[in-house]
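Undergrad: sequence first, predicted model second:
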Amino acid sequence: MKTELLISSRASLEKAREYILSDNVVAFHTETVYGLGANAFSDRAVQKIFALKGRPADNPLIAHVHRDFDISSLVDKVPQYAAVLKNAFLPGPLTMVFPSTGKVSRYVSCGLNTLAIRVPSSQTAQEFLKKVDLPIAAPSANRSKHVSPVTAQHVYRDFTDEIPLILDGGACEGGIESTVLDCTGAVPQILREGLVTCEMIASVVGSCKVYKSKPNERPKSPGMAYKHYAPSCKTAYFTIDELESALKIYSEEAERGGVPYLIAERKIADEFSQKGLNVFDFGLTGEEMAQNLYALLRQAETVSTLLICVEPTLRGGVMAGVMNRLTRAFGIGEKTE
Ligand code: AMP
Ligand code: MG
């Protein structure tokens, strides 16, 4: 099969619909990262996603729907606060988890009695979801454990000629995956941090918690147990206090004939770039770092033999989500499979 990269048009959307109705997968742009989508009602289609990605069978998928889709057939017991959050943040990078009615394929939620629902704001995603008018189960469109894709070319590199179509909407402006919010309790609880922050949710509905799994406990969001987002080159991570050690490792790698790169926030990146070191500028704000993260990790794979990340000093807001992805990309304090 040849993989086509097409922008959203009447003809490409019609093709996408045909692929989805015949249980094939279609990759599509969203405002967070690219998704690998299949008909959520079809066992066969959903299983294809797991096979293509090499995704562990206990890591559930998010069902994506267009803005006018009636979700009452898919989930029930939607609390009042969720209706308020929907008005405040959707369409947008917020996924909400509710008790499932069991209508979608059992492979979507991997045996959980809940279903995660997302309404993406990307125009390409909305046009695609409207055209199919079905819930589309979609994880990020990368091989399991690889860096998430933020351009159509990233998707193409992971799945060349294994999927028929990528709906190309350009670069993803958000850059990290959606916030996953458990809406089954009295108070909303964040299972995965993202661009919609705890502070933003609390400011609209009064309170919000962030779930932290305890050692040896199966996390409420199973995906969080896996080492993720890892670039295929060698990596090392240093706190800001360990800058000297980072530079020593850099020199040793360069002396061995390797091509080390430092990834650091703007101030440090500028300083080291002036000294002639290879650097990737992570950015200045949390939003910039979120947007740059996966693009830099993917770029690093093509140029570096060693990628050294220096911990950003910025905290608060979106940085919680950025730090979560960083520590998991560099394998810090995480269980591997
Ligand atoms: P991905 O689609 O690769 O961005 O991953 C989806 C994330 O949503 C993973 O971390 C999953 O564990 C989480 N997720 C999906 N469905 C559920 C659910 N029903 N309950 C809790 N977490 C979920
Ligand atoms: Mg993913």
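TA: Yep, it's here. Ligands and ions are numbered 1, 2, ... in the order given.
Undergrad: can you show me the helices along the stretch 151-300 of the chain?
TA: Counting by DSSP state H, counting those that start in this stretch, the stretch 151-300 of the chain has helices at residues 152-159, 198-205, 243-255, 266-274, 286-303.
Undergrad: number of nearby residues for Y211?
TA: 16 (other Cβ atoms under 10 Å). (Each C-beta comes from the backbone N, C-alpha and C, glycine too.)
Undergrad: Q189 is in contact with that one, correct?
TA: Yes: judged on Cβ atoms under 8 Å, Y211 makes contact with Q189 at a distance of 5.0 Å.
Undergrad: circling back: want to throw the helices of the stretch 151-300 of the chain into JSON lines with mean neighbour count, mean pLDDT and distance to A236?
TA: Formatted as JSON lines, the helices of the stretch 151-300 of the chain follow (neighbours: other Cβ atoms under 10 Å; pLDDT from 0 to 100; distance: least, Cβ to Cβ, whole Å):
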{"stretch": "helix 152-159", "mean neighbour count": "21", "mean pLDDT": "98", "distance to A236": "23"}
{"stretch": "helix 198-205", "mean neighbour count": "16", "mean pLDDT": "98", "distance to A236": "30"}
{"stretch": "helix 243-255", "mean neighbour count": "15", "mean pLDDT": "94", "distance to A236": "6"}
{"stretch": "helix 266-274", "mean neighbour count": "15", "mean pLDDT": "96", "distance to A236": "15"}
{"stretch": "helix 286-303", "mean neighbour count": "20", "mean pLDDT": "94", "distance to A236": "12"}
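Undergrad: how much space separates the residue nearest the centre of the chain from Y294?
TA: Centre of the chain computed as the mean C-alpha position; nearest residue by Cα atoms, centre = their mean is E177, 2.8 Å away. Separation of E177 from Y294 (Cβ to Cβ, to the nearest Å): 9 Å.
Undergrad: now the common contact residues for the two.
TA: Contact criterion Cβ atoms under 8 Å, 6 or more residues apart in numbering; residues shared by E177 and Y294: 33, 148.
Undergrad: if we can go back for a sec, and the residue nearest to the centre of the chain, what is it in contact with?
TA: With Cβ under 8 Å, 6+ apart, E177 has these contacts: 32-33, 93, 140, 148, 192, 194.
Undergrad: so which bits of the stretch 1-150 of the chain are right by ligand 1?
TA: 59-62, 97, 109, 112, 114-116, 139-140 (Cβ under 6 Å from any ligand atom).
Undergrad: what would these look like in CSV with secondary structure, distance to F280 and neighbour count?
TA: CSV is the format used below for these (DSSP: H, G, I helix; E, B strand; the rest coil; distance: Cβ to Cβ, whole Å; neighbours: other Cβ atoms under 10 Å):
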residue, secondary structure, distance to F280, neighbour count
N59, coil, 29, 18
P60, coil, 33, 22
L61, coil, 31, 28
I62, strand, 29, 26
V97, strand, 34, 25
S109, helix, 37, 22
L112, coil, 37, 17
T114, strand, 38, 16
L115, strand, 38, 27
A116, strand, 32, 27
P139, coil, 26, 23
S140, strand, 21, 30
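Undergrad: show me the two of the residues you listed that sit farthest apart.
TA: Pairwise distances across those (Cβ to Cβ) peak at 19.7 Å, for the pair T114 and S140.
Undergrad: got a markdown table for the helices of the stretch 151-300 of the chain, with distance to ligand 1 too?
TA: Formatted as a markdown table, the helices of the stretch 151-300 of the chain follow (distance: least, Cβ to the nearest ligand atom, whole Å):
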| stretch | distance to ligand 1 |
| --- | --- |
| helix 152-159 | 13 |
| helix 198-205 | 16 |
| helix 243-255 | 30 |
| helix 266-274 | 28 |
| helix 286-303 | 12 |
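Undergrad: just so I know, which of these lies nearest ligand 2?
TA: helix 286-303 (10.4 Å; Cβ to the ion).
Undergrad: neighbouring contacts of the closest one?
TA: Here helix 286-303 makes contact (Cβ under 8 Å, 6+ apart) with 33, 147-151, 154, 171, 173-176, 195, 229, 231-233, 259, 261, 263, 265, 278, 280-283, 307, 312, 314, 316-319, 321-322, 325-326, 329.
Undergrad: what of stretch 9-25?
TA: Stretch 9-25 is contacted from outside by 4, 6, 26, 28, 36-39, 42, 44-45, 48-49, 52, 127-128, 131-132, 134, 136, 163-165, 167, using Cβ under 8 Å, 6+ apart.
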